[in-house]
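A.B. asks: give the three-dimensional model of this entry:
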Amino acid sequence: MKADVAPRRVLGRVRHSITEFFIGATLVLRGFGFWRVRPGVMALGMVPAVIAAAVIGTVLVTVGLNVEGFASAVTPFADEWAERERGVVRALVAIVMLTGIVIGMVYSFTALTLLIGDPFYERIWRAVEHELGGFTPSPVRFWRSFGDGILLVLRAIAFGITTFIVGLVPAVGSAAAAVLGPTLAGHLIARELTTRSFEARGISASRRVALLRGSRARELGFGVMTQLLFVVPGGAIVVMPAAVVAATRLARHVVETAAAAVEPQPAP
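C.D. replies: Model prediction:
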């Protein structure tokens with residue numbers, strides 16, 4: 001009997017993690033319901049994604065039209081090669097460059113949208129907090145938000161480089177990058193969109209990390225679902241306001257769960 005206890009516990013934890021992951025994913029879908037409550041605020045939350053999409057689209061088109069020139073510029077050593085070998089090398093370089101830029105733009109879009117959207121999204125998460133009740137958000141200082149935005153961009157670049165390098169691994173790289181990319185981007189989204197709700201409660205950065213780690217499966221479910229919906233053409237523009245609503249609810253859940261865990265139990 002005792003030998004069965006450990007496998008049952010592991011199986012129970014796996015089931016719990018899967019359940020939490022799907023609960024986190026459904027938070028995003030439930031976030032669309034806030035359109036009925038505050039349609040004006042939600043519509044305003046679409047503006048940052050539109051701006052970011054325009055910027056990223058311009059960059060991608062520019063790179064796509066000039067990728068052959070870029071490939072030639074970084075392979076001057078091939079100028080004296082035979083035309084066939086030179087063409088093959090520069091075609092491979094162009095493919096690698098395009099792949100890296102596309103991956104980088106995925107992360108850059110998320111970071112840029114969140115950076116631009118901070119004042120827009122503040123109205124959404126404050127409206128959600130007001131609607132749910134029980135807490136009045138304190139002001140979030142501008143310089144702290146600006147500093148978080150810079151760290152967000154740097155973190156996005158690091159995640160993009162990591163995903164790109166993994167994608168270069170022979171045989172398994174593409175599949176691994178396809179899983180790693182949405183996971184890292186989802187983690188980035190979850191951390192950033194919950195930040196303001198945590199800051200308004202006076203929770204430090206290290207404490208925020210610890211709180212989210214305690215609900216990692218739900219955090220990843222929310223983040224991965226958001227990132228996958230971003231992949232749909234035009235999805236980010238529509239999804240981001242709902243994701244802000246979902247992140248606010250996620251932050252409240254994490255805080256309330258941690259508070260309940262430390263509350264003294266009543267005596268029998």
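A.B. asks: how many residues are close by residue 219?
C.D. replies: Counted with other Cβ atoms under 10 Å, the neighbours of residue 219 add up to 26. Just so you know, the C-beta spots here come from the backbone N, C-alpha and C atoms, and that holds for glycine as well.
A.B. asks: got phi/psi on it?
C.D. replies: phi -60, psi -50 (degrees, to the nearest 10).
A.B. asks: contact partners for it?
C.D. replies: Taking Cβ atoms under 8 Å, 6 or more residues apart in numbering as the contact definition, residue 219 lies against 24, 187, 190, 212, 250, 254.
A.B. asks: gap between residue 60 and residue 104?
C.D. replies: 10 Å (Cβ to Cβ, to the nearest Å).
A.B. asks: those two: who's more crowded?
C.D. replies: Shown here are residue 60 and residue 104; by other Cβ under 10 Å, residue 104 has more neighbours (19 against 15).
A.B. asks: for that one, pull up the helix or strand it's in.
C.D. replies: helix 83-132 (DSSP states H and E).
A.B. asks: so which elements touch that helix?
C.D. replies: Counting contacts by 3 or more Cβ pairs under 8 Å, 6 or more residues apart in numbering; DSSP states H and E, helix 83-132 packs against helix 39-44, helix 47-73, helix 142-167, helix 173-200, helix 216-231, helix 235-262.
A.B. asks: any chance of those in TSV, plus mean pLDDT and distance to residue 122?
C.D. replies: Shown next, in TSV, are the helices and strands packed on helix 83-132 (pLDDT from 0 to 100; distance: least, Cβ to Cβ, whole Å):
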stretch	mean pLDDT	distance to residue 122
helix 39-44	92	10
helix 47-73	85	11
helix 142-167	68	9
helix 173-200	83	6
helix 216-231	89	18
helix 235-262	87	9
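A.B. asks: follow-up on the earlier one: quick check: the two most widely separated of the contacts of residue 219?
C.D. replies: 187 and 254 (14.3 Å; Cβ to Cβ).
A.B. asks: buried set for whichever strand or helix holds residue 213?
C.D. replies: Residue 213 belongs to helix 205-214 when assigned by DSSP H and E. Across helix 205-214, burial judged by 16 or more other Cβ atoms under 10 Å covers 208, 211-212.
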